[in-house]
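Asker: got a predicted structure plus its sequence, pasted below:
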Amino acid sequence: MFKFGEFNLCTVSDGKFWLDGGAMFGVVPKVLWNKLNPADDENRIELGLNCLLIKTPTKYVLIDTGIGEILKDKFKNIYKVERDFGLIVSLGKNGVKPENIDFVINTHLHFDHCGGNTIEKNGVVVPTFPNAQYIIQKQEWFDATHTNERTKSSYLRDKFIPVEKAGQLFLADGEYEVLPGIKVVVTNGHTKGHQSVMIESDAKKAIYLGDLIPTASHMKLPYIMGYDLLPLNVLEKKKEVIRKAIEEKWLLIFEHDPKTQFAYLIEENGKQILKPLQNENFKF
């Protein structure tokens, strides 16, 4: 956990999983993306499940909840879920219990972003964070509860319907301030109701990108996922975020990168360079 203005930030891991590399990079040929994201024998690449914990002076905010504990063996094998421990243990290592969380923000409701929203207790699926308000975009909720043949496999209802039943659901309709200095902003493209989270304190700015830019490799403009429902929207949003990140010195927070969670973007000699907080510079 590190200081960011008046807040404390840290990633809390729900482990790692593997997705098809071709789907993750869309029209980009494997000969290009495989250099930085080597695929396994099933053509899958390693991805992190990097949820974000924000400690304000008075509240705890959790952004996304990973893939969760309610997993069938077939599912775990398909997505090659790997972890020594999950989100709850990761939170515990930071001295935080599920009942301490005041707000859960879901960037969207795909299973790898809201899987930890719920947990099974005594045979009943209930919210993992009993005292939290879960914040989701109204459009995302509609799409998650009105799926079609292309989208239904990404939305697992037991990850979010119990939140509504428990009376803990809040549907934002566009930009919404959760707490002073923490707001959700619509960055649709991956889904129509996808949101990212802006964090601002003491003139410092950060953005939790969600699946707008899931890994450091996706900073390259053509690297757009086959999973994105509105790829041209993603392209325009990426251009906007990259421009503002350079101009306003935003801290970028990557949800799915297995190595780089935090980085700044700078320009040197006409080239854009990503500077991770802990890793060597990543040039693109």
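Answerer: Okay, I see it. What you see is a predicted model, and the numbers here were worked out from it, not measured in a lab.
Asker: next, count neighbours for D102.
Answerer: Look at D102: counted by other C-beta atoms under 10 Å, it has 17 neighbours. Where you see a C-beta, it was placed from the backbone N, CA and C, and this is true even at glycine.
Asker: cool, the one 10 residues further on as well?
Answerer: Residues within reach of D112, counting by other C-beta under 10 Å, total 25.
Asker: what's near enough to touch the residue lying closest to A39 once chain neighbours are set aside?
Answerer: Nearest non-adjacent residue to A39, counting by C-beta to C-beta, 6 or more residues apart in numbering: G21, 4.5 Å away. Applying C-beta atoms under 8 Å, 6 or more residues apart in numbering, we find G21 in contact with K30, W33, N34, N37, A39, N43, R44, I45.
Asker: confirm the fourth one sits in a strand?
Answerer: Looking back up the chat, that one is N37. No: assigned with DSSP: H, G, I helix; E, B strand; the rest coil, N37 falls outside any strand and is coil.
Asker: what about the closest residue to it other than its chain neighbours, how many neighbours?
Answerer: Spatial nearest neighbour of N37, excluding adjacent residues (C-beta to C-beta, 6+ apart): I45 at 4.5 Å. Applying other C-beta under 10 Å, we find 23 residues neighbouring I45.
Asker: for I45, helix, strand, or coil?
Answerer: Looking at I45 with three-state DSSP, the answer is strand.
Asker: return the distance of it relative to I246.
Answerer: 27 Å (C-beta to C-beta, to the nearest Å).
Asker: H218 now?
Answerer: In terms of C-beta to C-beta, H218 sits 16 Å off from I246.
Asker: those two: which is more packed in?
Answerer: Taking other C-beta under 10 Å, H218 and I246 do not tie; H218 has more neighbours (27 against 14).
Asker: thinking again about what came up before, enumerate every residue touching the residue nearest to N37.
Answerer: With C-beta under 8 Å, 6+ apart, I45 has these contacts: W18, L19, D20, G21, M24, W33, N37, P38, A39.
Asker: which of those residues count as buried?
Answerer: W18, L19, G21, M24, W33, N37, A39 (16 or more other C-beta atoms under 10 Å).
Asker: give me the below-cutoff pLDDT ranges for the stretch 151-284 of the chain.
Answerer: 278-284 (pLDDT under 70).
Asker: go with 50
Answerer: The stretch 151-284 of the chain contains residues with pLDDT under 50 at 279-284.
Asker: need the contact list for L251.
Answerer: F4, K204, K205, A206, I207, F262, A263, Y264.
Asker: measure it to V12 for me?
Answerer: 17 Å.
Asker: do the same with N43
Answerer: 29 Å.
Asker: now swap in T107 and tell me
Answerer: From T107 to V12 the distance is 15 Å (C-beta to C-beta).
Asker: cool, F85 as well?
Answerer: Look at F85 and V12: by C-beta to C-beta, they are 11 Å apart.
Asker: now swap in L274 and tell me
Answerer: Relative to V12, and taking C-beta to C-beta, L274 is found at 23 Å.
Asker: what's the answer for N100, then?
Answerer: 12 Å.
Asker: out of these two, which sits in the more crowded spot?
Answerer: V12 (26 against 15).
Asker: so what's the more buried one up against?
Answerer: Counting by C-beta under 8 Å, 6+ apart, V12 touches C51, L52, L53, L62, L87, S90, L91, N94.
Asker: bridged to it, which residues?
Answerer: C51 (DSSP bridges).
Asker: local confidence estimate at it?
Answerer: V12 is assigned a pLDDT of 97 by the prediction.
Asker: output the one helix or strand W18 maps to as CSV, nothing but the C-alphas.
Answerer: Element membership of W18, judged by DSSP states H and E, is strand 7-20. Extracted C-alpha coordinates of strand 7-20, given in CSV (Å, rounded to 0.1, in the frame of the first residue of the first chain):
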residue,chain,number,x,y,z
PHE,A,7,-5.5,8.1,0.1
ASN,A,8,-3.7,4.9,0.4
LEU,A,9,-3.7,2.6,-2.7
CYS,A,10,-2.8,-1.0,-3.2
THR,A,11,-3.7,-3.9,-5.6
VAL,A,12,-5.3,-6.9,-3.9
SER,A,13,-4.9,-10.0,-6.1
ASP,A,14,-7.5,-12.6,-6.8
GLY,A,15,-4.8,-14.7,-8.5
LYS,A,16,-4.2,-15.1,-12.2
PHE,A,17,-6.0,-16.7,-15.1
TRP,A,18,-5.4,-17.4,-18.8
LEU,A,19,-7.4,-16.2,-21.9
ASP,A,20,-7.1,-16.8,-25.6
